[in-house]
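Novice: Below are the sequence and a predicted model for it; my questions follow.
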There are 4 protein chains.
Amino acid sequence: MERAYRLVIACPDQVGIVAAVSDFIAVHQGWITEAHHYTDPGSQWFFMRYVVRASSLPFDLERLCQLFAPIAERFAMQWRVADTGMRKRVVLMVSRQEHCLADLLYRWRSGELDCDISCVLSNHDALRSYVDWHGLRYCHFPVDAADKSAHFAAVDQALAEAQADLVVLARYMQILPASICEQYPGRIINIHHSFLPSFVGAKPYHQASERGVKLIGATCHYVTADLDAGPIIEQDVVRVGHHNTVEDMVRLGKDVEKMVLSRGLRYHLEDRVMVHGNKTIVFA
Amino acid sequence: MERAYRLVIACPDQVGIVAAVSDFIAVHQGWITEAHHYTDPGSQWFFMRYVVRASSLPFDLERLCQLFAPIAERFAMQWRVADTGMRKRVVLMVSRQEHCLADLLYRWRSGELDCDISCVLSNHDALRSYVDWHGLRYCHFPVDAADKSAHFAAVDQALAEAQADLVVLARYMQILPASICEQYPGRIINIHHSFLPSFVGAKPYHQASERGVKLIGATCHYVTADLDAGPIIEQDVVRVGHHNTVEDMVRLGKDVEKMVLSRGLRYHLEDRVMVHGNKTIVFA
Amino acid sequence: MERAYRLVIACPDQVGIVAAVSDFIAVHQGWITEAHHYTDPGSQWFFMRYVVRASSLPFDLERLCQLFAPIAERFAMQWRVADTGMRKRVVLMVSRQEHCLADLLYRWRSGELDCDISCVLSNHDALRSYVDWHGLRYCHFPVDAADKSAHFAAVDQALAEAQADLVVLARYMQILPASICEQYPGRIINIHHSFLPSFVGAKPYHQASERGVKLIGATCHYVTADLDAGPIIEQDVVRVGHHNTVEDMVRLGKDVEKMVLSRGLRYHLEDRVMVHGNKTIVFA
Amino acid sequence: MERAYRLVIACPDQVGIVAAVSDFIAVHQGWITEAHHYTDPGSQWFFMRYVVRASSLPFDLERLCQLFAPIAERFAMQWRVADTGMRKRVVLMVSRQEHCLADLLYRWRSGELDCDISCVLSNHDALRSYVDWHGLRYCHFPVDAADKSAHFAAVDQALAEAQADLVVLARYMQILPASICEQYPGRIINIHHSFLPSFVGAKPYHQASERGVKLIGATCHYVTADLDAGPIIEQDVVRVGHHNTVEDMVRLGKDVEKMVLSRGLRYHLEDRVMVHGNKTIVFA
């Protein structure tokens, strides 16, 4: 993949934004390879994502940002430019279940997920050998059910040391304290094993079986201090029937969970997701 | 379709049920064209559906039931035999929205839905002309928002006069009183315009848009006195995104609603659905 | 829906197209409500669709086109502007099967499909009464299997008289002669009852059953003189199994056919489809 | 999972088969946990699969087969009894691509796929380290493009030594010679990276991109001497659009391929698949 800059913008809508941005790119002979716009009709906010070939511009990222700043200021933009040459640092957090981790590590080692994995944090030692084989660091921070503060202090410090751009809860199964959630707004992704808002909380497959639903699902969302209520990035479902036990649902659900998590994560890594209130714009 | 008997059985599981039933069919030279069994592992209840060609048996429905009764008694069966030569009498209830009605009437007039439609009941007169064109009776019972009792008394009487085997709430939009629900257990089908148990109650597409879900759905379920909580027969979903307004969701949802309702109704008409507690077994 | 202009552009890609177009819109205070861009990496052609509120521009459609023409010339654009205030004239062609016609007419009368239906042409008289009920003109042109030329001459003339913007083959079941196909390039839409390129030609469900596939589908495509080989607009599938007869497949397939046709038609009516060689760009 | 016998039967249909089999199970107090029947209406062949708890029968597998033999003979049955206590021996064959192998090995090590993996055969050494980590044997048999006979002789011998119950071509990319195909009828499973019968042969994603299809798929089928034409076990698809390059299709297709292969393999391992002519009955 050729090196590119991803320009991501959110601002109140008004006439002339696209003209100003595209004119800026054009006068510097920038080659746009992807472009998405969207205006939210309720709030009248405008969202935009441009991908520009780095080699087509006569300057580097720093200069690009300097030159673009006056335009951003004029339209009161929230904006950032991501450089595909700088891979995001990702910390994976897991518990004992392997399916999401195995899926993400396959995608990472095969080059499908464009990021660096700083380390894998877990409250169990179960998945160490598999992570070791990948040459990645595995940190086991046990949880004392009576007092989880030591665990979370260790997690907090590990995330800080890793200078994590993104934390992925790949079936981590612990509820992160608000103090950690709030340090990483829009930067912690969770996979919940139900089609939210159905079956919030624990044992969603048991709840689904109890209710007799004919589809089960999974939800990839940003983590906020409000449990299972953060902005949804991606969801999917699979068909079940009366003949499926809870164990079947767990098995079938795993496949949905890992697909949904990997798609949501990919969207984030490619700077396709913009959070707006409690919703997401996903330029997929 | 050749005339057939559908034998539907539910009873506590034990050794020998299938042997007894299939032996009974075999000694009378009955030709089984479909067979489904299922044992619920939790309750250890056994469910069974056999379809037998009527012409292969040397007796009629009445005699079949007489001869089968001792077997049914031996295993404490809840059972019935449906004769495909006797079409079920269905009453459709609608409000102002046409999509489910139009879909069901197309399927009915093209022979896809094997039932008689006794009449269409509505709290509005909007859909009369379309129903008239089909040569079906249309009954308009207006609703007085301050006191709905006259409306429901008229509905109650119309259902009784129609000797309804089945009532289909095809986006009827009123909450049936418990007194009516309880007269027709497992015989009133509703289409709810969300993927239950998400978004119970009114305006589910507004709720879905508010929550920012990435799939919306519909649920076909039996009506009980407990709103939107009856046994689910069928569900499906369609993908939506940030660019879809509530109006888009309503439009996309209509297609899911009519598909899910027609599938659920078909299952019921073909005696494929068995209610077990608050769940369904669907021999699809 | 507020009146809008849809500006649709295709041209060789180069720096500055978006800037020029968006600047043109901006200087006239045009309010863009939807924007899509795409560059085909193989051919380096650029495609673009802008929706602009008519009321935001200080001139009418004619003047818009005059003012835009120099920009179009500069970039060698193939372009058009559709005015949502001018509904497209559509001719439906059917045979004996009703499912697609019934679906399209429901969507038309409920306001979901934004077009005028000039007439319904058929080689059978079977669907006349239903079309009559809608107050639409029905033309029955019988086919002489030995010599179809009279039929096609009548069709040709009827399309010309209707000044058809678009012809929809809603299970018309006859092969249009090349002479008609070529008069309406990118303006005849067909629904083929298989997942093309599988099962070209006659009786695709029989072919599918014979091959034992586990999914069957439908394809909405533009008609060219080359049978079932025109640019594909939309496709979908439904799951089948060993227990499904050809008759089941026909029934299940009908639901896919009508969904796929209505989606494809909607994309076309909303000027979302651009033909490029034998493929389509669909700004859905 | 409790140990069970899976009784799988195919024979010409006639009155009394189910009665005879279920009576046989019942007189020995056998506890049936799953039951499926199907009669193919074209050929009038009958197919049946019963799962019986081993502990409920008063004898072992050998005695079960002895006692059942007269019934089988009476109805001219093709039949077998699988003992879930005896895991099938599976040989995996791969080339350089890892996605299917990684998926299968995850499912195997997590206990989701109930089989023994005898070895992994490959024409490349690329995946050795990953297989080694699992403690499985990896055999690298290079292919000489000018003369593949040495490669296939080595494969032939390795399969024989492994006493393979089943061979899984997990993106092996070589065409097995007829001599090997014919030794393992209904016992070699392939994953083809298209929705067959579309895009037979090489580079199906390039073919799909060329044709402009809106869905791409994968097909799991039994291998016969006729390339890509064997009985289909399972298929699925994923949506693509004009913006997806061939590389995107390859990436998206990988997820479909591994899901379809793992489902097809699971059906086979659980004795749910019966081949009938060039089609399969799948009691899923």
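Specialist: Ah, there it is. Residues are numbered from 1 along each chain as shown, chains lettered A, B, ... in the order given.
Novice: Now do the SS call for the closest residue to chain B within the stretch 1-150 of chain A.
Specialist: Residue of the stretch 1-150 of chain A nearest chain B, by Cβ to the nearest Cβ: A:Tyr38 (6.0 Å). C-betas here are computed from N, CA, C, even on glycine. Of the three states, A:Tyr38 takes strand under DSSP: H, G, I helix; E, B strand; the rest coil.
Novice: So for it, what's the nearest residue that isn't a sequence neighbour?
Specialist: A:Phe47 (4.7 Å; Cβ to Cβ, 6 or more residues apart in numbering or on different chains).
Novice: repeat for A:Asp103
Specialist: Using Cβ to Cβ, 6+ apart, the closest residue to A:Asp103 is A:Lys258 (3.9 Å).
Novice: Kindly report the same for A:Val27.
Specialist: Excluding the flanking residues, the one nearest A:Val27 by Cβ to Cβ, 6+ apart is C:Ala19, at 7.9 Å.
Novice: wait, is A:Val260 part of a helix?
Specialist: Yes - assignment of A:Val260 by three-state DSSP places it within a helix.
Novice: Spatially nearest residue to it, not counting backbone neighbours?
Specialist: In space, and not counting its chain neighbours, A:Val260 is closest to A:Ala218: 4.5 Å by Cβ to Cβ, 6+ apart.
Novice: doesn't A:Glu257 make contact with the one you found?
Specialist: Yes - counting by Cβ atoms under 8 Å, A:Glu257 is a contact partner of A:Ala218 at 4.3 Å.
Novice: Mutual contacts of those two, please.
Specialist: A:191, A:193 (Cβ atoms under 8 Å, 6 or more residues apart in numbering or on different chains).
Novice: ok so, going back, give the full set of residues in contact with the residue nearest to A:Val260.
Specialist: A:Ala218 neighbours (Cβ under 8 Å, 6+ apart): A:191-195, A:235-236, A:253, A:256-257, A:259-261.
Novice: Which helix or strand contains it?
Specialist: Assessed by DSSP states H and E, A:Ala218 sits inside strand A:215-222.
Novice: Strand partners (parallel or antiparallel) of that strand?
Specialist: Strand pairing for strand A:215-222, determined by DSSP bridges: strand A:188-192 (antiparallel), strand A:232-239 (antiparallel).
Novice: can you give me the offset of the shortest one from its chain's centre?
Specialist: Spelled out, that is strand A:188-192. Its chain's C-alpha centre and that of strand A:188-192 lie 7 Å apart, by Cα atoms, centre = their mean, to the nearest Å.
Novice: Name the next helix or strand following that strand along the chain.
Specialist: Under the assignment DSSP H and E, the closest C-terminal helix or strand after strand A:188-192 is helix A:204-211.
Novice: Just grab the bridge partners of A:Pro37 for me.
Specialist: Let me fix one detail, which is that residue A:37 is His and not Pro. Beta bridges link A:His37 to A:Met48 when assigned by DSSP bridges.
Novice: Chain neighbours aside, what residue packs nearest to A:Glu182?
Specialist: Nearest non-adjacent residue to A:Glu182, counting by Cβ to Cβ, 6+ apart: A:Ala225, 6.4 Å away.
Novice: same deal with A:Ala35?
Specialist: C:His37 (4.3 Å).
Novice: Would you confirm that the one you found contacts C:Tyr50?
Specialist: No - C:His37 is beyond contact range of C:Tyr50, at 9.3 Å (criterion: Cβ under 8 Å).
Novice: returning to what we had before: contact partners for the residue nearest to A:Tyr38?
Specialist: A:9-10, A:36-40, A:274, A:276, A:281, A:283.
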